[in-house]
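> after the sequence you'll find the predicted model.
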Amino acid sequence: MTRARRGPAARLPLAPAAATDAAQLLAGSQPLYATVATELAATILDGRRPVGTLLPTEQELCQSFGVSRSTVRQALRRLGELGLVAGAQGVGTRVIADQPRGQYVLAIQSVTDVMGYAARAKLDIRARAHVTADTALAERLGCEPGSRWVHVSGLRLPAEGWGAVISICDLYIAEEFADLAESEDLVATPAYRLIARRRGIAVEAVEQDIGAITLNAAQAQALGVAAGSPGLHIRRQFFAAAGKLIEATTNVHAAADHFVYTLRLGAPGEG
């Protein structure tokens, strides 16, 4: 068992890679933006885009790759995480290195590994609402502005019915699966599993961001700790084929002895 590392967000799934090989660092990702990032990285690594030069504008990249602005922004963010580019307001995105920096890479075997507590928890649903993603929500979820979602909010509790609240949970489920978002089965079964079982649409990739936060008064009260206590914010994005985002979730946890996130890691290629 390995405790989740602190610091930069862990992105899943990722393949084992040498720190000097950007193509391998990106190879494990299924979403469309990873393809864009890989192709852009190749032009940097082989010298076609030297250090100090600017990348094409977001609009130009959208036209060149035939993708959305959101996809381009995710690709540029990925290149930034590898230390290849940096963006500046009013200037654009500049190439700052021709080799990626070192990066700790996690290899997981399945979505079940990511959602390790799912079988031992239940969702106490407090509210459901249909929402349209504005710019702020689109940024939070990594989706297109104007896309439609069912927002399910509640508390993640131990399945046994006793013990501290595990997390404050917000699920955003693509509106085409609204009937599943309204299902009472959502209490005990994650949305992505309901989508796979009832619609035959399987998750092909998961991205996860883990960040340290300070709990505000409302969050602290819900989690049973003092306001200002440290906490963890975890965002997960669930992608189907062709990088289609079908669900995004956020969980806010109390840190320290209230919650520990662990991953069971296996060697690459294990069943």
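That came through, no problem. Note that the structure is predicted; figures quoted are calculated from it, not measured.

> any idea where the helices of the stretch 1-150 of the chain begin and end?
22-27, 32-45, 58-65, 69-81, 111-114, 135-141 (DSSP state H, counting those that start in this stretch).

> what is the host helix or strand of Ala220 packed up against?
Using DSSP states H and E, Ala220 falls within helix 217-223. Applying 3 or more Cβ pairs under 8 Å, 6 or more residues apart in numbering; DSSP states H and E, we find helix 217-223 packed against strand 167-174, strand 245-254. Every residue, glycine included, has its C-beta placed from N, CA and C.

> which parts of it are buried?
Neighbour counts over helix 217-223 (16 or more other Cβ atoms under 10 Å) mark Gln219, Ala220, Ala222, Leu223 as buried.

> contacts only, for the second one.
Ala220 makes contact with Ala226, Ala227, Gly228, Ser229, Ala254, according to Cβ atoms under 8 Å, 6 or more residues apart in numbering.

> nearest to Ile201 among those residues?
Minimum distance to Ile201 across the contacts of Ala220 is 33.6 Å, recorded for Ala254 (Cβ to Cβ).

> once you drop chain neighbours, what's closest to that closest one?
Leu223 (4.3 Å; Cβ to Cβ, 6 or more residues apart in numbering).

> low-confidence bits of this protein, can you list those?
Along the chain, segments meeting pLDDT under 70 span 1-30, 101-120, 160-163, 256-271.

> between the helices of the stretch 1-150 of the chain, which one is closest to Glu204.
Comparing the helices of the stretch 1-150 of the chain by Cβ to Cβ, helix 111-114 comes nearest, at 9.4 Å.

> which residues touch the residue nearest to Phe177 when sequence neighbours are not counted?
Leaving aside its sequence neighbours, Phe177 sits nearest to Ile195 (Cβ to Cβ, 6+ apart; 5.6 Å). Shown here is Ile195, whose contacts under the criterion Cβ under 8 Å, 6+ apart are Phe177, Leu180, Ile201, Val203, Ile246, Glu247.

> write a ChimeraX command that selects only the buried members of the residues you listed.
Command for ChimeraX, covering only those of the contacts of Ile195 found buried under the criterion 16+ other Cβ under 10 Å:
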select :177,180,201,203,246,247
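
> so what sits opposite Val131 in the bridge?
With DSSP bridges as the criterion, Val131 is bridged to Trp149.

> right, I mislabeled it, should have said Cys169
Residues in beta-bridge contact with Cys169 (DSSP bridges): Gly154, Asn251.

> tell me the contacts of it?
Cys169 makes contact with Leu123, Ser153, Gly154, Leu155, Arg156, Thr249, Thr250, Asn251, according to Cβ under 8 Å, 6+ apart.

> closest one to Arg77 out of the residues you listed, please.
Thr250 (17.8 Å).

> so for stretch 167-175, what gets flagged as buried?
Ser167, Ile168, Cys169, Asp170, Leu171, Tyr172, Ile173, Ala174.

> and the third one, how far from Arg198?
Right, the one you point to is Cys169. With the distance defined as Cβ to Cβ, to the nearest Å, Cys169 ends up 21 Å from Arg198.

> could the helices of the stretch 1-150 of the chain be laid out in a markdown table, adding distance to Pro100 and mean neighbour count?
Below are the helices of the stretch 1-150 of the chain laid out as a markdown table (distance: least, Cβ to Cβ, whole Å; neighbours: other Cβ atoms under 10 Å):
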| stretch | distance to Pro100 | mean neighbour count |
| --- | --- | --- |
| helix 22-27 | 4 | 20 |
| helix 32-45 | 8 | 20 |
| helix 58-65 | 19 | 15 |
| helix 69-81 | 9 | 21 |
| helix 111-114 | 24 | 18 |
| helix 135-141 | 25 | 14 |
